[in-house]
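Visitor: below is the sequence, then the predicted model.
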Amino acid sequence: MLAMNYRGPYRVRVDRKPVPVCEHVQDAVVRVTRTCICGSDLHLYHGLVPDTRVGMTFGHEFIGVVEEVGSQVGNLSVGDHVIVPFNIACGQCHFCRQGLFGNCHEANPQASALGGIFGYSHTAGGYDGGQAEYVRVPYADIGPCKIPSTMDLDDAVLLTDVVPTGYQAAEMAGIQPGDAVVVFGAGPVGIMAARCAWLFGAGRVIVIDHIDYRLDFARTYCPAEVYNFRSMDDPVVFLKKTTDSLGADVCIDAVGGDAAGSALHTLLGTKLKLEAGAATALHWAINSVKKGGVVSIVGVYGPTGNLIPIGNVVNKGITIRANQASVKRLLPRLIEHIEAGRLNPKALITHKVPLEEIADAYHIFSAKLDGCIKPVLVPPSARG
């Protein structure tokens, strides 16, 4: 089969790899019909995630058709077209029983750090991902969800990560009716978080970024007030002034460790790697939120330390909530939102690229070329 092959930072290509098989009675093999490149994949691509090994196949956002099932898989049949959550979850451990499928304690040998994730380094379990023609899906009775017959496949593939992560960012924020919500980052997840903030009753939504075409997209899609932080002397001062000098009720960090905007954090976090990524957006969120406010974090940071103003968190009485999205828990609600027309995920897709051209797709997305918001890769067998 054709599959993405990681060769080192900024170096990916498509090679031929063996077609996966069921290795366990609870496995399934899925033929991929859509797969995405995620902003989180760029952390791998840029060499920021520990234990990302040469030869790995990335890709934690994919849907596909079930080709084979293990003997103990009862909820899926060959031929089912399924959404596969990016979390690999056993469904039985202490955390899965609480609905914390992103924190499964069985799927990842290094579970003290995080749960299992498809195609996201050996730090996340070492599973090959879905930027390929086929993928092995462990715990197939637990995660995959059959795609409703009326749902567009382009909507379905964004239910694997982008939509649930953006939605959970707003959910964790505890948004109250009329709240002022600031979202740092106008990538796909930040845009979705801003859109979902309205579903929870936000009275005002502000998006901060430095890429004008993304801000233009967010202004229309979310819709939201949008501001380029490059045009500000100090984003924190600006946000305080525009929120009655109190600060926002809620700040959402949808950027993570590759944030721009601070020479110090860029040097320490992305150049020297003395921090787990550049924590610029998190600083701004903590300092921009009001006393007693909430900071919700879905941006990806590494497992090592960051320079965080924890004193400001304590002295302002800020609540911080953060997690990987529990996709399985959220899917029924999100499918309902899409079917009711309240969410339109496929509008985020700006580029459809053949799987064979994956190196170009990574370059376009990483370098923010050609107005790229969200690229989707299509394997040969899914192109008719």
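Guide: In hand now; what should we look at? Numbering: from 1, shown residues only.
Visitor: rest of the way, CA atoms for contacts and neighbours
Guide: OK.
Visitor: same for the host helix or strand of residue 193, what does it pack against?
Guide: Using DSSP states H and E, residue 193 maps to helix 188-199. Contact partners of helix 188-199 among helices and strands, from 3 or more CA pairs under 8 Å, 6 or more residues apart in numbering; DSSP states H and E: helix 162-172, strand 180-184, strand 204-209, helix 212-221.
Visitor: of those, which is nearest residue 295?
Guide: Taking CA to CA, helix 162-172 is the member of the helices and strands packed on helix 188-199 nearest to residue 295, at 8.7 Å.
Visitor: quick one: contacts of that closest one?
Guide: Applying CA atoms under 8 Å, 6 or more residues apart in numbering, the set of residues contacting helix 162-172 from outside is 188-194, 196-197, 200, 252, 296-298, 321-322, 324-327, 330-331, 334, 345.
Visitor: in JSON lines: the helices and strands packed on helix 188-199, plus mean pLDDT, distance to residue 70 and mean neighbour count.
Guide: Compiled in JSON lines, the helices and strands packed on helix 188-199 are given as follows (pLDDT from 0 to 100; distance: least, CA to CA, whole Å; neighbours: other CA atoms under 10 Å):
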{"stretch": "helix 162-172", "mean pLDDT": "98", "distance to residue 70": "28", "mean neighbour count": "26"}
{"stretch": "strand 180-184", "mean pLDDT": "98", "distance to residue 70": "42", "mean neighbour count": "28"}
{"stretch": "strand 204-209", "mean pLDDT": "98", "distance to residue 70": "45", "mean neighbour count": "23"}
{"stretch": "helix 212-221", "mean pLDDT": "98", "distance to residue 70": "42", "mean neighbour count": "18"}
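Visitor: please enumerate the strands of the stretch 251-384 of the chain.
Guide: Taking DSSP state E, counting those that start in this stretch as the criterion, the stretch 251-384 of the chain carries its strands at 289-297, 319-322, 349-354, 374-378.
Visitor: now for the second one, which elements pack on it?
Guide: When you say that, I think you mean strand 319-322. helix 162-172, strand 289-297.
Visitor: could I get those in a markdown table, plus columns for distance to residue 233?
Guide: Shown next, in a markdown table, are these (distance: least, CA to CA, whole Å):
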| stretch | distance to residue 233 |
| --- | --- |
| helix 162-172 | 28 |
| strand 289-297 | 18 |
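Visitor: any weak-confidence spans in the protein?
Guide: Within the chain, the ranges that satisfy pLDDT under 70 run 111.
Visitor: quick one: the helices in it, in order.
Guide: Ranges of helices in the chain, per DSSP state H, are 39-45, 153-158, 162-172, 188-199, 212-221, 235-241, 263-265, 280-288, 310-316, 327-339, 358-366.
Visitor: what angle sits between the fifth one and helix 188-199?
Guide: In this structure, helix 212-221 runs at an angle of 20 degrees to helix 188-199, with axes from the mean of the first three to the mean of the last three CA atoms, to 10 degrees as the basis.
Visitor: elements contacting helix 212-221?
Guide: When contacts are defined as 3+ CA pairs under 8 Å, 6+ apart, helix 212-221 sits against helix 188-199, strand 204-209, strand 225-228.
Visitor: figure out which of the ones you listed is closest to residue 286.
Guide: From those, taking CA to CA, the stretch that ends up closest is strand 204-209, at 14.3 Å.
Visitor: how about the CA coordinates for that closest one, as PDB?
Guide: The C-alpha trace of strand 204-209 is given here as PDB (Å, rounded to 0.1, in the frame of the first residue of the first chain):
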ATOM      1  CA  ARG A 204     -18.800  38.200  22.000                       C
ATOM      2  CA  VAL A 205     -16.100  36.200  20.200                       C
ATOM      3  CA  ILE A 206     -12.700  37.500  19.400                       C
ATOM      4  CA  VAL A 207     -10.000  35.700  17.400                       C
ATOM      5  CA  ILE A 208      -6.300  36.600  17.600                       C
ATOM      6  CA  ASP A 209      -3.700  35.500  15.000                       C
END
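Visitor: noted, bye for now.
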